[in-house]
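> coordinates for the following, if possible.
(4 chains)
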2 protein chains.
Amino acid sequence: MPEKVTIADVARQAGVSRQTVSNVLNAPELVREETRERVRQAVEQLGYRVNQAARRMRTGRSRLLAVRIERTQDGMNVFDRFLHGLTESAAKAGYRVILYSADDDRSEIATFDDLLGAYEPDAFVLTSTHYGDVRTSWLEERGLAFVTFGRPWGTPDGGGHPWVDVDGAAGTAAATRRLAGAGHRRIGYIGWQEGSGVGDDRRSGWARTMKDLSGTTTGDTDGDKSGDTGVLERRTDGSTAEGEAAARELIAAGATALVCVSDSVALGATQAGVPVVGFDDTPVAAAIGLTSLSQPLSEAAACCVEVLTGRLDAPDGGSPGDGPPDHVLLEPSLVIRRTA
Amino acid sequence: MPEKVTIADVARQAGVSRQTVSNVLNAPELVREETRERVRQAVEQLGYRVNQAARRMRTGRSRLLAVRIERTQDGMNVFDRFLHGLTESAAKAGYRVILYSADDDRSEIATFDDLLGAYEPDAFVLTSTHYGDVRTSWLEERGLAFVTFGRPWGTPDGGGHPWVDVDGAAGTAAATRRLAGAGHRRIGYIGWQEGSGVGDDRRSGWARTMKDLSGTTTGDTDGDKSGDTGVLERRTDGSTAEGEAAARELIAAGATALVCVSDSVALGATQAGVPVVGFDDTPVAAAIGLTSLSQPLSEAAACCVEVLTGRLDAPDGGSPGDGPPDHVLLEPSLVIRRTA
DNA sequence: TCTGTTGGTTTGAACGTTCAAATCGAAGTA
DNA sequence: TACTTCGATTTGAACGTTCAAACCAACAGA
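Predicted coordinates for the structure are as follows:
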């Protein structure tokens, strides 16, 4: 039976009071060097660990980060690698990750409520942000700490809350440039239906680069209005089957290479026999030799933790408004394989 | 700001004492019907949620299950689906999942210690059991609650602790029978190096079935000693490259179909052009049309939770020894696709 | 000498819950 | 009547921590 070692045991062992032990742990500068060392030894000797439940009762801080675990759709998701990174980074910062699941925004908000009542996580990490995301406003209204992995799509100025994201447009732009560098001029794009923040972002990198390549004018890299690119573009539901169909259509329309919004559609597209670049560098891409864009997920996770701990451990309690909101945009990298 | 509702607030609202509210929540049968209803309404009205930290202080129970998040090796792992199921099942039973990571058994045990001191999880769920697994004995010595997802390899009687696992031998046996049903007689097996519990188990299903098929004698289905099967078997490091090489060797040796220990090696084997069955039904299998054995992961996770909650919520505090240890062996199912 | 300041430490209380024991009214039994 | 028993409810204490305030010795300035 693992006997519990409390702060009182340590205090007795070191010949000081409870509070002094607490201070050594939480505010060492208040304690005289010599005493500090004595307490540290006692902690070591007894194998003392702070009881988070008791600490939390007093301070209201749980050192827990709550994250939703994503439903594995077609299995080509990327979330588990992010989660792994998050767990490791959190542990380094003295936090633990607690999981929950939810089917939609509404039930996720209900879960926020539940979790806050029961476990009081210090912060939430939201993934899969989308237009009209009600989760962020719910959290903001209550002054709760959170980061999103994903930009707040739909708020032009980048939103008031901290976020970390991967620059999809930069990724597809790099992919498009690579294909162009191999001599292709008619590079097609297979995307998702309009209205997905991530999808539109990824599309824009291709569109922008194509415009640049066509050399109509210099400057105005922001211009998204398709000139003749429209004919080289297909929107799909993201399935492999539609990816293949779209690829054949685009090739018929003259495309000689393809940039894809995901590995799923890219997998289909590879059947059509022209160079293809996918997105997300899923295991499937590695397995079939698909060139793909890899998101720096560990790094993204580390950023999320950094942003949160920065706010949580701030002296004033981490209320928003101090300093600029953290907005981190990371670059994906192109993993070259057989298909392009 | 979300004001905290405590049990005292509920008590006041319902015109009863704290303890009565507590009883309504934890032992409703002690409270008179009418009072119970009144308290329930107050709980509802105020949106009260029990504060787990405070509860834990008193009871020593945290309603947390700790699970290690696996390092995604080649991405063809299966763990994330298990984790998803675990989160959902745990939530239904009123538990949450807390994550940790560790590089080896030693550091995992250190993490047990850490977690127990800080968060006191009620139980651990261990994955990736293996021969000489020191984690289980560490936990057993301390009388801590845990289940393993994976049998305790190496203890012939099945071990004293509860476990949930998927019957790999039954899976490969089913795969072998299916290939035999399609007319194949020389069915090869591509496995891992000897000494892995999971690998040896999966191999045994193939070996047993091949022996049965050869019709030397009836009965003795347990017999594992390879007769002429040895020549139809290759052991690999699990990589796709070695899978392909092994497949070609086996075909040269006369094999007309192949059963594989994993989707990774199966992916390589498909290059050789004979029917192939993989194991784990990873996204990669779905993507390339590989017939594969699917583990019932949600079900396995649900079993883990059931086993644990059964023990934790037992009246005597869940000490081991009451009733038979729970050993659950689930059957994988063959997902038929193009390759077999 | 008195007063104030400072660094280091201790003491009492509180966080929200549940356990154990106490209380109370009603009903049953001798 | 007095004594038990029983069901329903309340009261006091405790879990382990940290906050806020108190304490104390040493020292500085008037």
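> where does the prediction get shaky in chain A?
For chain A, the stretches flagged by pLDDT under 70 are A:1-2, A:73-76, A:215-230, A:314-325.
> what about residue A:180, neighbour count?
Per other C-beta atoms under 10 Å in any protein chain shown, the neighbour tally for residue A:180 reads 16. (Glycine included, C-beta is placed from N, CA and C.)
> residue A:237 too?
The number of residues near residue A:237, taken as other C-beta under 10 Å, comes to 11.
> spatially, what comes nearest to it if we skip its sequence neighbours?
Nearest non-adjacent residue to residue A:237, counting by C-beta to C-beta, 6 or more residues apart in numbering or on different chains: residue A:193, 7.0 Å away.
> kindly report the same for residue A:15.
Leaving aside its chain neighbours, residue A:15 sits nearest to residue A:38 (7.3 Å; criterion: C-beta to C-beta, 6+ apart).
> any part of the helix or strand hosting that neighbour near DNA strand D?
Assigned by DSSP states H and E, residue A:38 belongs to helix A:33-46. No. Helix A:33-46 lies out of reach of DNA strand D by C-beta under 7 Å from any atom of the strand, never closer than 10.2 Å.
> now do the buried residues in that helix.
Of the residues in helix A:33-46, A:35, A:36, A:38, A:39, A:40, A:42, A:43, A:46 count as buried by neighbour count, 16 or more other C-beta atoms under 10 Å in any protein chain shown.
> give the next helix or strand downstream of that helix.
Trace forward from helix A:33-46 with DSSP H and E and the next one is helix A:52-59.
> and the angle for that next one with helix B:52-59?
120 degrees (axes from the mean of the first three to the mean of the last three C-alpha atoms, to 10 degrees).
> neighbouring contacts of helix A:52-59?
Around helix A:52-59, the neighbours that count as contacts under C-beta atoms under 8 Å, 6 or more residues apart in numbering or on different chains are A:61-63, A:120, B:52-54, B:56-57, B:62, B:118-120.
> give me the most central residue, chain A.
residue A:149 (3.2 Å; C-alpha atoms, centre = their mean).
> chain A against DNA strand D: which residues are in contact?
A:4, A:6-8, A:18-19, A:22, A:25-26, A:48, A:50-51, A:54-55, A:57-59.
> export the buried residues of helix A:33-46 to a markdown table and tack on distance to residue A:14?
Formatted as a markdown table, these follow (distance: C-beta to C-beta, whole Å):
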| residue | distance to residue A:14 |
| --- | --- |
| A:35 | 8 |
| A:36 | 10 |
| A:38 | 5 |
| A:39 | 5 |
| A:40 | 9 |
| A:42 | 4 |
| A:43 | 8 |
| A:46 | 10 |
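> buried set for stretch A:266-277?
In stretch A:266-277, counting by 16+ other C-beta under 10 Å, buried: A:266, A:267, A:268, A:269, A:270, A:272, A:274, A:275, A:276, A:277.
> and if you look at stretch A:279-299?
Neighbour counts over stretch A:279-299 (16+ other C-beta under 10 Å) mark A:279-288, A:290-295, A:297, A:299 as buried.
> can you give me the strands in chain A?
A:64-68, A:96-100, A:123-127, A:146-149, A:163-166, A:187-192, A:233-236, A:257-260, A:276-279, A:291-294, A:327-330, A:333-335 (DSSP state E).
> turn those into JSON lines, columns for distance to chain B.
Output for these, formatted as JSON lines (distance: least, C-beta to the nearest C-beta, whole Å):
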{"stretch": "strand A:64-68", "distance to chain B": "8"}
{"stretch": "strand A:96-100", "distance to chain B": "4"}
{"stretch": "strand A:123-127", "distance to chain B": "12"}
{"stretch": "strand A:146-149", "distance to chain B": "14"}
{"stretch": "strand A:163-166", "distance to chain B": "18"}
{"stretch": "strand A:187-192", "distance to chain B": "16"}
{"stretch": "strand A:233-236", "distance to chain B": "16"}
{"stretch": "strand A:257-260", "distance to chain B": "14"}
{"stretch": "strand A:276-279", "distance to chain B": "11"}
{"stretch": "strand A:291-294", "distance to chain B": "12"}
{"stretch": "strand A:327-330", "distance to chain B": "19"}
{"stretch": "strand A:333-335", "distance to chain B": "12"}
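> closest to residue A:139 out of those strands?
strand A:146-149 (5.0 Å; C-beta to C-beta).
> just the CA trace of that closest one, in PDB.
Extracted C-alpha coordinates of strand A:146-149, given in PDB (Å, rounded to 0.1, in the frame of the first residue of the first chain):
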ATOM      1  CA  PHE A 146      -8.100  28.400 -24.300                       C
ATOM      2  CA  VAL A 147      -6.200  28.100 -27.500                       C
ATOM      3  CA  THR A 148      -7.400  26.800 -30.800                       C
ATOM      4  CA  PHE A 149      -5.400  24.700 -33.100                       C
END
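> that one pairs with which strands?
Here strand A:146-149 has these sheet partners by DSSP bridges: strand A:123-127 (parallel), strand A:163-166 (parallel).
> what about it, distance to the chain center?
Remark: strand A:146-149 is offset 7 Å from the chain centroid, using C-alpha atoms, centre = their mean, to the nearest Å.
> buried ones in that strand?
A:146, A:147, A:148, A:149.
> contacts only, for the nearest residue to the first one once chain neighbours are set aside.
Leaving out its chain neighbours, the residue that sits closest to residue A:146 by C-beta to C-beta, 6+ apart is residue A:124, at 4.2 Å. With contacts defined as C-beta under 8 Å, 6+ apart, residue A:124 is in contact with A:65, A:66, A:67, A:112, A:139, A:144, A:145, A:146, A:147.
> and which of those is nearest to residue B:188?
Looking across these and measuring by C-beta to C-beta, the closest to residue B:188 is residue A:67, at 43.3 Å.
> isn't that closest one up against residue A:84?
No. Contact between residue A:67 and residue A:84 fails when scored by C-beta atoms under 8 Å: they sit 11.4 Å apart.
> please say which of those two ends up with more neighbours.
When residue A:67 and residue A:84 are compared for neighbours, residue A:67 comes out ahead with 25 against 22, by other C-beta under 10 Å.
> returning to what we had before: nearest to DNA strand C among the contacts of residue A:124?
Using C-beta to the nearest atom of the strand, residue A:144 is the member of the contacts of residue A:124 that lies nearest DNA strand C, at 16.7 Å.
> skip the chain neighbours and tell me the closest residue to whatever residue of the stretch 151-300 of chain A ends up closest to DNA strand D.
Per C-beta to the nearest atom of the strand, residue A:162 is where the stretch 151-300 of chain A lies closest to DNA strand D, at 24.2 Å. Distances taken as C-beta to C-beta, 6+ apart put residue A:326 closest to residue A:162, at 4.1 Å, once the chain neighbours are dropped.
> so who does the spatially closest residue to residue A:303 that is not a sequence neighbour touch?
Counting by C-beta to C-beta, 6+ apart, residue A:303 lies nearest to residue A:164, which is 4.4 Å off, once chain neighbours are set aside. Residues near residue A:164 by C-beta under 8 Å, 6+ apart: A:147, A:148, A:149, A:300, A:303, A:304, A:307, A:326, A:328, A:330.
> which parts of chain A sit against DNA strand C?
Proximity of chain A to DNA strand C, by C-beta under 7 Å from any atom of the strand, involves residues A:15-20, A:23, A:30-32, A:34-35, A:54, A:57-58.
> narrow those to those that are buried.
Judged by 16+ other C-beta under 10 Å, buried ones among the residues of chain A next to DNA strand C: A:16, A:20, A:23, A:31, A:35.
> so residue A:203 touches residue A:189, yeah?
Yes. Counting by C-beta under 8 Å, residue A:203 does reach residue A:189; the two are 6.3 Å apart.
> shared neighbours, the two?
A:172, A:233, A:261.
> so the first one makes contact with residue A:205?
Yes. With contact defined as C-beta under 8 Å, residue A:172 reaches residue A:205; the gap is 3.5 Å.
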